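Visitor: I would like the atomic coordinates for the input below:
(one chain, ligands or ions: 2)
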Amino acid sequence: MSTIAAFYGGKSILITGATGFLGKVLMEKLFRTSPDLKVIYILVRPKAGQTLQQRVVQILNSKLFEKVKEVCPNVHEKIRAVYADLNQNDLAISKGDMQELLSCTNIVFHCAATVRFNDHLRHAVQLNVTATQKLLLMASQMPKLEAFIHISTAFSNCNLKHIDEVIYPCPVEPKKIIDSMEWLDDAIIDEITPKLIGDQPNTYTYTKALGEMVVHQEGGNLNIAIVRPSIVGATWQEPFPGWVDNLNGPSGLIIATGKGFLRALRATPMAVADVIPVDIVVNLTLAVGWYTAVQRPKSTLIYHCTSGNLNPCYWGKMGFQVLATFEKIPFERAFRRPNADLTSNTFTTQYWNAVSHWAPAIIYDFYLRLTGRKPRMTKLMNRLLRTVSMLEYFINRSWEWSTCNTEMLMSKLSPEDQRVFNFDVRQLNWLEYIENYVLGIKKYLLKEDMAGIPKAKQHLKRLRNIHYLFNTALLLIAWRLLMARSQMARNVWFFIVSFCYKFLSYFRAPSTLKV
Ligand SMILES: CCCCCCCCCCCCCCCCCCCCCCCC(=O)SCCNC(=O)CCNC(=O)[C@H](O)C(C)(C)COP(=O)(O)OP(=O)(O)OC[C@H]1O[C@@H](n2cnc3c(N)ncnc32)[C@H](O)[C@@H]1OP(=O)(O)O
Ligand SMILES: NC(=O)C1=CN([C@@H]2O[C@H](COP(=O)(O)OP(=O)(O)OC[C@H]3O[C@@H](n4cnc5c(N)ncnc54)[C@H](OP(=O)(O)O)[C@@H]3O)[C@@H](O)[C@H]2O)C=CC1
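Guide: Ligands and ions are numbered 1, 2, ... in the order given. Below is the predicted model:
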């Protein structure tokens with residue numbers, strides 16, 4: 001029997017961000033391995049016209065939860081959705097709900113965050129810093145609390161090259177930032193944002209660093225740990241390989257490449273692609289929850305959940321494998337054949353942008369106009385390239401994360417726990433993982449049927465023929481124009497033709513002799 005699974009039995013667990021990518025996998029694993037847990041409270045807001053209950057039902061009815069329903073048939077009775085909005089000052093939790101949460105919770109997993117790089121600083125501070133502060137305050141009033149696990153990101157200090165499992169000081173105190181967000185107006189915040197974030201690339205990493213500092217300063221006597229994952233990708237093994245349900249991290253760009261929109265990327269092929277499967281993050285998080293509650297370390301331990309130092313993969317290798325997978329498992333209705341160049345040179349990137357992105361988009365929009373339809377490709381390309389520019393920072397650098405605490409924790413696990421809560425990234429085979437990732441994107445994100453693969457391959461063949469035809473036509477036009485305008489081009493052409501003629505006559509002579 002797994003010690004960690006047994007630990008969560010009978011527990012009341014509070015999860016924020018349970019409707020997000022990581023939160024869903026965390027909940028799934030908890031129910032699957034500890035079906036006898038008492039209750040999982042999830043803080044949820046209504047969204048996209050769905051009530052809390054409808055959101056829960058949608059999650060439980062998804063493929064991700066199929067195994068859970070077998071091992072824990074009464075799972076719906078064990079999830080208690082609590083209305084909350086972490087953007088509100090009081091988190092918008094009702095008094096009755098608050099009372100129950102305070103008196104019953106044993107473990108808190110704080111996953112909620114805004115992960116958008118371009119979020120307004122006020123909003124990012126509200127969610128990633130102030131809400132964390134409020135949750136810590138709540139946690140300090142929970143008499144039965146055993147551990148508070150805060151999910152941060154390995155990139156919260158990405159302005160450094162080597163990052164240890166420690167909290168680094170922030171140039172401006174989080175409390176001052178929180179206060180100033182309350183009275184500064186949006187225009188002023190916009191103006192000071194670049195100065196505040198300094199050498200951080202965006203408001204996301206900046207506010208996640210502030211969030212960690214808040215945990216450090218206001219955690220008080222709580223039993224706290226911080227987990228810092230790098231780029232969270234599709235599931236590796238559990239509950240099944242390749243599950244993913246959003247465009248974050250590499251997923252969006254893999255789609256854009258597979259659909260033939262993205263044909264070049266400013267990326268450093270030899271930079272480490274520090275992707276980490278979501279099930280590894282979840283296994284480590286649950287092990288950390290157990291260890292923090294049972295061992296009660298004297299200080300707040302930080303755990304890096306990264307792949308680079310133990311089993312590195314590089315963006316070049318990843319890109320190559322993604323493209324190889326498209327040969328076997330193409331996406332449907334591609335705009336162009338998937339084929340992408342990774343280049344770290346800005347000039348080359350601009351050239352490829354003009355030739356591979358803008359030119360086809362403009363030509364296609366011209367064709368749409370001619371056929372009486374609304375042009376849309378240049379607009380789409382504009383958005384895609386803006387998105388790519390926001391991600392470029394992370395695909396042109398490498399970081400070194402020390403993983404001493406994570407390795408220490410692995411050594412504390414029994415062989416059974418190491419199997420059930422496996423977070424040993426050294427066992428991951430990247431080629432297999434990437435193939436399953438692409439397949440997962442096709443099945444679970446794009447919801448494409450595998451039966452459509454022959455048709456998709458046929459479509460790609462057609463696109464290849466159009467491509468060859470187009471290039472030949474372009475070459476002929478260029479040749480014709482050149483011949484008409486330049487004596488030099490004509491001389492070169494006559495030289496080539498007479499050379500070929502002589503070459504052929506030379507070969508014809510001996511064959512005539514034989515006869
Ligand atoms: C041999 C060589 C071959 C080469 C082959 C190449 C193959 C390519 C495969 C390799 C891919 C490599 C990709 C690397 C990507 C690396 C990402 C690094 C991430 C670092 C993580 C830091 C750690 C974290 O903690 S971050 C948590 C995760 N957060 C994110 O990933 C970002 C979240 N998204 C955002 O911040 C925003 O959405 C943003 C800034 C991307 C765009 O914002 P904007 O306001 O402009 O628009 P939106 O309305 O949000 O979206 C517009 C449009 O874009 C779609 N979209 C959103 N996110 C992504 C995405 N990540 N990739 C692609 N597309 C995205 C979104 O759905 C919208 O589409 P619509 O159609 O308009 O709805
Ligand atoms: N994805 C990644 O690559 C990485 C993620 N992380 C960290 O992991 C954690 C989870 O990320 P991930 O699951 O990918 O992110 P998602 O964007 O998928 O999920 C975010 C979650 O936060 C919730 N949330 C956002 N705003 C509010 C609000 N105002 N009130 C209540 N809940 C809210 C969302 O709820 P709703 O569904 O209602 O929007 C959702 O459940 C974050 O802390 C992130 O920083 C760290 C490294 C990498």
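Visitor: could you measure Asn61 against Val68, distance?
Guide: Separation of Asn61 from Val68 (Cβ to Cβ, to the nearest Å) stands at 11 Å. For the C-beta atoms, the positions are set from N, CA and C on the backbone; glycine is no exception.
Visitor: And these two? Which one has more around it.
Guide: Val68 (20 against 11; other Cβ atoms under 10 Å).
Visitor: quick one: the more buried one and Thr33 touch, right?
Guide: No - between Val68 and Thr33 there is no contact under Cβ atoms under 8 Å: 9.9 Å.
Visitor: mind listing what the residue nearest to Lys208 when sequence neighbours are not counted touches?
Guide: Nearest in space to Lys208, with sequence neighbours left out and distances taken as Cβ to Cβ, 6 or more residues apart in numbering, is Ser156 at 4.2 Å. Contacts for Ser156 (Cβ atoms under 8 Å, 6 or more residues apart in numbering) come out as 205, 208-209, 211-212, 228.
Visitor: can you put these in a markdown table and add neighbour count and distance to Lys78?
Guide: Output for the contacts of Ser156, formatted as a markdown table (neighbours: other Cβ atoms under 10 Å; distance: Cβ to Cβ, whole Å):
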| residue | neighbour count | distance to Lys78 |
| --- | --- | --- |
| Thr205 | 24 | 35 |
| Lys208 | 26 | 30 |
| Ala209 | 26 | 35 |
| Gly211 | 28 | 29 |
| Glu212 | 27 | 31 |
| Arg228 | 24 | 29 |
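Visitor: Strands - which of those land there?
Guide: Among these, the residues falling in strands (DSSP state E) are Arg228.
Visitor: Closest one to ligand 2 out of the contacts of Ser156, please.
Guide: Lys208 (5.7 Å; Cβ to the nearest ligand atom).
Visitor: out of the contacts of Ser156, which touch ligand 2?
Guide: Lys208 (Cβ under 6 Å from any ligand atom).
Visitor: In helices, which of the contacts of Ser156 appear?
Guide: If you go by DSSP state H, the contacts of Ser156 have 205, 208-209, 211-212 in helices.
Visitor: As a markdown table, these with distance to Lys447 and pLDDT would be great.
Guide: Output for the ones in helices among the contacts of Ser156, formatted as a markdown table (distance: Cβ to Cβ, whole Å; pLDDT from 0 to 100):
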| residue | distance to Lys447 | pLDDT |
| --- | --- | --- |
| Thr205 | 32 | 98 |
| Lys208 | 31 | 98 |
| Ala209 | 37 | 98 |
| Gly211 | 34 | 98 |
| Glu212 | 37 | 98 |
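Visitor: Including distance to ligand 1, could those go into a markdown table?
Guide: Formatted as a markdown table, the ones in helices among the contacts of Ser156 follow (distance: Cβ to the nearest ligand atom, whole Å):
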| residue | distance to ligand 1 |
| --- | --- |
| Thr205 | 7 |
| Lys208 | 7 |
| Ala209 | 12 |
| Gly211 | 12 |
| Glu212 | 13 |
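Visitor: tally of neighbours for Asp97?
Guide: Asp97 - counted by other Cβ under 10 Å - has 18 other residues nearby.
Visitor: check which helix or strand covers it.
Guide: helix 95-104 (DSSP states H and E).
Visitor: Against which helices or strands is that helix packed?
Guide: strand 39-44, strand 79-83, helix 131-140 (3 or more Cβ pairs under 8 Å, 6 or more residues apart in numbering; DSSP states H and E).
Visitor: Name the nearest residue to the residue of the chain found nearest ligand 1, sequence neighbours excluded.
Guide: Proximity of the chain to ligand 1 (Cβ to the nearest ligand atom) peaks at Gly252, 2.0 Å away. Counting by Cβ to Cβ, 6+ apart, Gly252 lies nearest to Thr387, which is 6.8 Å off, once chain neighbours are set aside.
Visitor: Repeat that for Trp493.
Guide: That would be Met483: by Cβ to Cβ, 6+ apart, it lies 6.4 Å from Trp493.
Visitor: Show me which residues of the helix or strand that neighbour falls within are buried.
Guide: According to DSSP H and E, Met483 maps onto helix 453-485. Judged by neighbour count (16 or more other Cβ atoms under 10 Å), helix 453-485 contains these buried residues: 453, 456, 459-460, 463.
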